[in-house]
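Student: attaching a predicted model along with its sequence, questions to come.
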Amino acid sequence: MVLDPQFIWNGIVVGSIISVSALGLTLIFGILNFINIAYGDYMATGAYLAFALNAQIGLPLGVAIVAGVAGMAAGAVLIDKLVFEHFRTSSPVTLLIVSIGVAFFIRNLIRAIWGPTGNFYDVPIEANPNLFGVRYSVEQLSIIVASLLLLTAVYVLLRRTRIGIAMRAASDDRTLTRIRGVDTERLVLYVWIAGGAIAGLGGIMLGLDAQIRPNMGFTALIPIFAATILGGIGDPKGAVAGGFAIGILQEVSVVVVPSEYKFAVALAALIVGLLLRPDGLFGEATR
Amino acid sequence: MALLDLFLVVGIIAGVYSLLAIGMNMHWGDTGLLNFAHAAFFAVGAYTSAILTTPTPEAGLLAERTVGFDLPVVVGIVAGTVLAAVLGFVIATTSVRLEGDYLAMVTLSSAELVRLVIHNEAWLTTGAQTLKNIPRPMESTVATLPVSYDVFYFLLVWALVGATYLLFERMSNGPFGRVLHAIRENDDVALALGKDVTQFKLKSFAIGAGVAGLAGTLWAHYVYAISPVMFLPSITFLIWAAVIIGGAGSYAGAIVGAVVIVFLRQVTRFIPGSVPFSDQMSYLRLMLVGVVLVAVLYYRPEGLLGNAERLQAGTSEGE
Amino acid sequence: MTLLSVDGIRKTFGGIVAVEDVSFDVDRNEIVGVIGPNGAGKSTTFRLLTGFHTPDAGTVEFDGEDVTDHSPDARARSGMIRTFQIAQELTGMPVMQNMLLAAQGHPGERAVTSALGIGGTSAFEADQRDRAEELLKLLELWELRDEYAGNLSGGQRKLLELGRSLMADPDLLLLDEPMAGVNPDLTDRLLERILELRDQRDMTFLFVEHDIDAVMRVADTVVGMHNGAVLSMGSPEEVQSDDRMLEAYLGGEV
Ligand SMILES: Nc1ncnc2c1ncn2[C@@H]1O[C@H](COP(=O)(O)OP(=O)(O)OP(=O)(O)O)[C@@H](O)[C@H]1O
Ligand SMILES: [Mg+2]
């Protein structure tokens, strides 16, 4: 069986989006220790902010993207101050349910402002160029480049900066960090900024690849969950690897399963992964 | 009597949601299981009953469905309930041993898979299109009575809610519920005392899923026509909101929570005349659900009818 | 006659060897005390015996059957009940419910019988309430029967845990420091009760205890552990006068 390289290309594009998004989710989980169901809606918010600035106000897409990402970073901090901050000592399950409330609020706020139907960014429509039999679009190329840039930036942040190192330590062992006198609230602030910005970027990438819809992020949550779990929840490196694995698996699977069921592949990977490796691809328990 | 009609419609929806919330309360309230697949159980109940009670569509029509059984509605209701319970059992077997957060993600994903199947297997379900002409139980008999069909259906749904409530209350307060509560509190203790924890979790999952299936059948036979978009994960989240607002662990709370949620969603229907932002109203109402949910968790974590004393017990001395 | 036979069990966590080649037998109707300094591997041994850990090597035989691969609940049902070192009371359940939970073979624990109250559920339940009443009175917890277990004091929690395990009416009871935090008067009475149960109910006990006096009073055999291994085994006097045990304790305190 010859594998059409087109599928692999598509997989890399989708994998980039999932990786970036899973990275944000897993960072938030690592520090705050709960699954933020509203994360998909953070993604959608980033996508819509960029959409408003680009297609509605007419700013160039690049500017709109930067503003959308920054806007969502600020939004995540704002939501924390308004809501999550009041639940710092609550159990992870309570926080998860709180995030359901937040998700309801954001998603329907988006619908109330921009309506329920799909939208597109204002990008020039061109015929997709072709290289070695693989069709690709400028958007897809930029998605991949942007994701590589972001992943490198986060890597450097986590490895080289004091705050990043503190973040990793905290994600490994929260109480330990607190004992050593790291200001946890500062850390939480940074993680919302990073997580919110990454969510926003993930959403914009998703919008560039497909359509901007109010529930776009929410429906993308499942492959993102799958990547996060596969990589070991709370583990950034694992989330990225998991993201590419899921993305490529999903797109290549259309060779053997009907394409309507490619999402099922992510799910199957998730369940099999969980049963075989409850602690994620890279072993060591992070919880 | 437009207001009465409206009351009946909203009341029937509230009854269906109450059943869903009762099932969820068995999972979360009694057993501490994070079930996020409720929409799937609801859908399986609805589709099973609809497929069993409608005739095979005539060939050549828009619908691509090729199966239908034209069985009595009672058969559909029973089969829908049972099949949802079976699905609950199957989903639970893959995941019930997982820790809380993982269980939440796996069940949510499984529910989406179920919806994907319903969406794509058009030969069975009419796929993305609506499955129409689902019969209403005893419609011709009720037509001869001096009351409207909605009155009949309202009473039927609430009679079932009442019966289910009593049954679940007894289960929860009996020795079976005691084991579930022990599992909710601490798996290890239940194990150390010889309880087959996995088995009890599976049963809890199946029973709660069955009630959600029952709700699905009642929904399908009331609305005539169903489609996959009725079974999005947001149903699951609304039911979570209902259980939390009503008070996890309390079946009366589950019903109250469901009624509150349905009321919040439908309230503007009762306001006559035009309302500002009427286009956005349905979204604003769902935003309100989010706000109420968070507010309840903050100001009254035990919910409206939950047991605050139980939650407080043991928290005073640290962990 | 041997009730429990432990043969060469071993357990490591990462690099740490918690239990190393532990073997001993417990006869039916015997009271065996396990002593040893902190971190000796006593609780880990208990978890291995009761199925909460799977051993890396070795076997556990109970009542003539190899139970090494049996789940904790299966072992409990076959008559081996444990308590936890740190009392694991069900905080959100009243004292009485904690006790009733431990009843074995309750016909009402099936969903249908529970919902409909059939199959002898209520008669069985009434019997168990009587048993629970008797035990709670002995443990001085009767007044607190409707209190949430989470509201009890530390000592009361340990007592409830003991009562709960007695409710299960086991053949072998494994108690992990049952008297920690319990006042001395009550400790005396509980020890008497243990001796009584051994004689009347034909029970067998294996218990970890730091209170050496208590061990000396009731134990027929003592197992002394140190660094995951059995250091000394025999009559209470023999183990107490074993120099290696003394060293182990002193070494542990330096
Ligand atoms: N789950 C675990 N993971 C890692 N190490 C463990 C674990 N359980 C026990 N240990 C280690 O195994 C050793 C034996 O511990 P154990 O609890 O069995 O001792 P113990 O004799 O019961 O001590 P104590 O008297 O303090 O209760 C200790 O070094 C402990 O740190
Ligand atoms: Mg110990």
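Tutor: Structure's in. What do you need? All figures in this text were calculated on a predicted structure; none of them were measured in a lab. Numbers count the residues shown, from 1 in each chain, chains lettered A, B, ... in the order given. Ligands and ions are numbered 1, 2, ... in the order given.
Student: now do residue A:44, the pLDDT please.
Tutor: Residue A:44 carries a pLDDT score of 97 in this model.
Student: list the residues that contact it.
Tutor: A:106, A:107, A:110, A:203, A:212, A:213, A:214, A:215, A:216, A:217, A:218 (CB atoms under 8 Å, 6 or more residues apart in numbering or on different chains). Glycine gets a C-beta too; all of them are placed from N, C-alpha and C.
Student: ok, 10 Å please
Tutor: Residues near residue A:44 by CB atoms under 10 Å, 6 or more residues apart in numbering or on different chains: A:38, A:51, A:72, A:103, A:106-107, A:110, A:114, A:199-200, A:202-203, A:206-207, A:212-220.
Student: same question for residue A:191.
Tutor: Contacts of residue A:191 (CB under 10 Å, 6+ apart): A:24, A:27-32, A:76, A:80, A:163, A:167, A:170-171.
Student: now those residues: which count as buried?
Tutor: Taking 16 or more other CB atoms under 10 Å in any protein chain shown as the criterion, what is buried in the contacts of residue A:191 is A:24, A:27, A:28, A:29, A:30, A:31, A:32, A:76, A:80, A:167, A:170, A:171.
Student: out of those residues, which is nearest to residue C:107?
Tutor: Of all these, residue C:107 sits closest to residue A:29, with 44.1 Å by CB to CB.
Student: apart from its neighbours in sequence, what residue is nearest the closest one?
Tutor: residue A:234 (5.1 Å; CB to CB, 6 or more residues apart in numbering or on different chains).
Student: the one you found against residue A:33, yeah?
Tutor: Yes. Between residue A:234 and residue A:33 there is a contact under CB atoms under 10 Å: 8.1 Å.
Student: of those two, which one has the most company?
Tutor: Using other CB atoms under 10 Å in any protein chain shown, the more surrounded residue of residue A:234 and residue A:33 is residue A:234, with 22 against 17.
Student: for the more buried one, helix, strand, or coil?
Tutor: coil (DSSP: H, G, I helix; E, B strand; the rest coil).
Student: list phi and psi for it.
Tutor: phi 90, psi 0 (degrees, to the nearest 10).
Student: now it: how far from residue A:35?
Tutor: From residue A:234 across to residue A:35, the span is 11 Å (CB to CB, to the nearest Å).
Student: okay, and the common contacts of the two?
Tutor: A:25, A:28, A:29, A:228.
Student: sitting in helices, which of those do you find?
Tutor: Judged by DSSP state H, the subset of those located in helices is A:25, A:28, A:29, A:228.
Student: show me what the worst-scoring helix or strand of chain C on mean pLDDT is packed against.
Tutor: Least confident element among the helices and strands of chain C, by mean pLDDT, DSSP states H and E: helix C:243-253 (a mean of 75). Judged by 3 or more CB pairs under 10 Å, 6 or more residues apart in numbering or on different chains; DSSP states H and E, the packing partners of helix C:243-253 are strand C:31-35, strand C:221-226, strand C:229-234, helix C:236-240.
Student: ok, the second one: who's next to it in the sheet?
Tutor: It refers to strand C:221-226. Partners of strand C:221-226 in the sheet, by DSSP bridges, are strand C:31-35 (parallel), strand C:229-234 (antiparallel).
Student: wait, which of those is closest to ligand 1?
Tutor: strand C:31-35 (8.4 Å; CB to the nearest ligand atom).
Student: now the residue lying closest to residue B:195 once chain neighbours are set aside: phi and psi?
Tutor: Excluding the flanking residues, the one nearest residue B:195 by CB to CB, 6+ apart is residue B:179, at 5.2 Å. Phi and psi for residue B:179, reported as degrees, to the nearest 10, are phi -70, psi -40.
Student: do the one 5 residues further on as well
Tutor: Residue B:184 has phi and psi values of phi -60, psi -40 when expressed as degrees, to the nearest 10.
Student: tell me the contacts of it?
Tutor: B:28-33, B:190, B:204, B:248-249, C:90, C:92-93.
Student: mind checking pLDDT for it?
Tutor: 94.
Student: from residue B:157, how far out is it?
Tutor: From residue B:184 to residue B:157 the distance is 29 Å (CB to CB).
Student: any idea of the pLDDT on residue C:182?
Tutor: On pLDDT, residue C:182 comes in at 82.
Student: tell me the domain ranges of chain C?
Tutor: Taking the TED database as the domain assignment, the ranges for chain C are C:1-79+C:170-253, C:91-167.
Student: shaky segments in chain A?
Tutor: Judged by pLDDT under 70, chain A has its weakly predicted residues at A:1-2, A:127, A:173-182, A:275, A:277-287.
Student: would you map the strands across it?
Tutor: A:130-131, A:134-135 (DSSP state E).
Student: which neighbours in the sheet does the last one have, and how are they oriented?
Tutor: So that's strand A:134-135. Here strand A:134-135 has these sheet partners by DSSP bridges: strand A:130-131 (antiparallel).
Student: hang on, the earlier thing: can you tell which of the strands of chain A is closest to ligand 2?
Tutor: Closest approach to ligand 2 among the strands of chain A (CB to the ion): strand A:134-135, 62.1 Å.
Student: show me the biggest helix of chain B in terms of residues.
Tutor: Looking across chain B with DSSP H, the single longest helix is helix B:197-223.
Student: which ones are touching the residue in chain C that ligand 2 sits nearest to?
Tutor: Among the residues of chain C, residue C:43 lies nearest to ligand 2; the distance is 3.0 Å by CB to the ion. Residues in contact with residue C:43 (CB under 10 Å, 6+ apart) are C:18, C:19, C:34, C:52, C:84, C:85, C:86, C:176, C:177, C:208.
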